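Engineer: whatever this is, show me its structure:
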Amino acid sequence: MKYGVNRHTLLLIAGLIWIIAGANILRIGIITWTTDGEYWLFKFCEAIIIFVLFFNFVFKRLFYKHTLRISKKKDLNCPFSFFDAKGWIIMIAMITFGIIVRKYQLMPNSFISVFYTGLSLALIITGFLFLRQWRRTSKSEFK
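Structural biologist: Numbering: from 1, shown residues only. A predicted model of the protein is given here:
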């Protein structure tokens with residue numbers, strides 16, 4: 001590839017994309033949360049459980065997997081290669097499923113608000129892990 005980004009920049013892009021995706025999902029979660037304000041303390045606790053499960057058992061593992069994979073890449077890479085093919089397929093499937101669930105109201109707003117809020121916080125924290133790794137790793141280590 002004639003034009004591309006180095007491995008160090010891939011960490012930055014990954015962090016920003018994860019944070020942007022998490023912020024968008026958080027926006028949807030908050031909007032649906034405000035339409036159903038009952039039992040807010042119970043819903044808050046449920047959202048924390050969703051966050052802990054997704055962060056510890058899914059996203060933290062993906063962070064380590066993709067950080068290791070990025071560290072082994074060549075000098076110039078496609079800016080979107082912070083994910084592997086499987087990661088992009090899973091992300092596209094999750095986005096599609098989320099749109100379908102909301103469009104056809106397959107789940108109640110009380111579920112969407114809790115699930116999206118917990119999931120989004122896990123995404124955002126994972127994004128910050130990528131940014132922390134980007135900041136800790138000097139450009140020279142990835143060249």
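Engineer: okay, and I50 sits in which element?
Structural biologist: helix 40-54 (DSSP states H and E).
Engineer: for this protein, what are the low-confidence residue spans?
Structural biologist: Along the chain, the model assigns pLDDT under 70 to residues 1-2, 37, 139-143.
Engineer: I'd like the distance between the residue nearest in space to the middle of it and G4.
Structural biologist: Averaging the C-alpha coordinates of the chain gives a centre point, and the residue nearest to it by Cα atoms, centre = their mean is L123 (3.3 Å). Computed as Cβ to Cβ, to the nearest Å, the L123 to G4 distance reads 25 Å. Yep, even glycine has a C-beta here, placed from its N, CA and C like the rest.
Engineer: show me the contacts for T137.
Structural biologist: The contact partners of T137, taken as Cβ atoms under 8 Å, 6 or more residues apart in numbering, are H8, L11.
Engineer: if I look at it, how far off is I19?
Structural biologist: If you go by Cβ to Cβ, the gap between T137 and I19 works out to 18 Å.
Engineer: which residues of this structure fall in helices?
Structural biologist: If you assign secondary structure with DSSP state H, the helices in the chain sit at 7-35, 40-54, 60-71, 85-103, 109-136.
Engineer: and among those, the most buried is which?
Structural biologist: Scoring the helices of the chain by mean neighbour count under mean count of other Cβ atoms under 10 Å gives helix 109-136 as the most buried, with a mean of 20.
Engineer: okay, angle between that one and helix 40-54 too, please.
Structural biologist: Between helix 109-136 and helix 40-54, the angle comes out at 50 degrees (axes from the mean of the first three to the mean of the last three Cα atoms, to 10 degrees).
Engineer: follow-up on the earlier one: contacts for the helix holding I50?
Structural biologist: Residues outside helix 40-54 that contact it (Cβ under 8 Å, 6+ apart) are G29, W33, S110, S113, V114, F115, T117, G118, L119, L121, A122, I125.
Engineer: apply 6 Å and report the result again.
Structural biologist: Residues outside helix 40-54 that contact it (Cβ atoms under 6 Å, 6 or more residues apart in numbering): V114, F115, T117, G118, L119, L121, A122.
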